[in-house]
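Student: coords please:
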Amino acid sequence: MSVSQIVEGTFGPAVPPLLRMKRIYSSSQIIGGFTKGQTEFEACATAEGQFDEENSVLSLELDSFIRRVDLVSKEEHLKAGWLPKREIVREHVSSEEAPDLAREIFHRWVHKIQQVMPVTVCA
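Tutor: Model (predicted):
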C-alpha cells in the first residue's frame, strides 16, 4: 500500500479534513445591553476553535449577534448592521500555544464588538 493510495482513498475512504480537526476552544460572551424603542437587547460574541494537529493550524470561527432580553419570546439570534461580520481566523501555532492564542483572539473580537455597540438606539 503506497502513501498516494492512502491519501486518495484507494484502500477505503479518505479522512475528510474536518475530521482531522480537534475541537480545542468554544466560548460565548454577553458583551452588553442596549434599548431600541421599548425593547431591550443584548449583544453577544461567540468563538469556536479547531486545531489541525497534522498542519499545526488553529482555525477560529468568530461570530456576533443580538437577541432580545425578555423571557417571553423564543430566543432568536439577530444580526445588526453595526456588528462585525463572521470571521474565520487561521494561525500556524503549536498545539501547546493554540488554546491561549484562541482566548487572545476571542478577547480582541469581544473588544471589537464593544467598540461599535450602541448604548441606546432610537426607534
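
Student: may I ask you to name the longest strand in the protein?
Tutor: strand 21-36 (DSSP state E).

Student: got the contact list for that strand?
Tutor: With contacts defined as C-beta atoms under 8 Å, 6 or more residues apart in numbering, strand 21-36 is touched by 40-53, 58-60, 64, 69, 98-99, 102-103, 106, 110, 113-114, 117-123. For the C-beta atoms, the positions are set from N, CA and C on the backbone; glycine is no exception.

Student: pull out the buried members of these.
Tutor: Among those, those buried by neighbour count (16 or more other C-beta atoms under 10 Å) are 41, 43-52, 58-60, 64, 98, 102, 106, 110, 113, 117.

Student: out of those residues, name the ones that lie in helices.
Tutor: The helices, defined by DSSP state H, take in 98, 102, 106, 110, 113 from the buried ones among the contacts of strand 21-36.

Student: what is the nearest of those to R86?
Tutor: I113 (12.2 Å; C-beta to C-beta).

Student: touching, that closest one and A45? I think so.
Tutor: Yes. Assessed by C-beta atoms under 8 Å, I113 is found in contact with A45 at 5.3 Å.

Student: which neighbours do these two have in common?
Tutor: 31, 64.

Student: is it true that K112 touches L83?
Tutor: No. The criterion here is C-beta under 8 Å, and K112 misses it with L83 at 9.6 Å.
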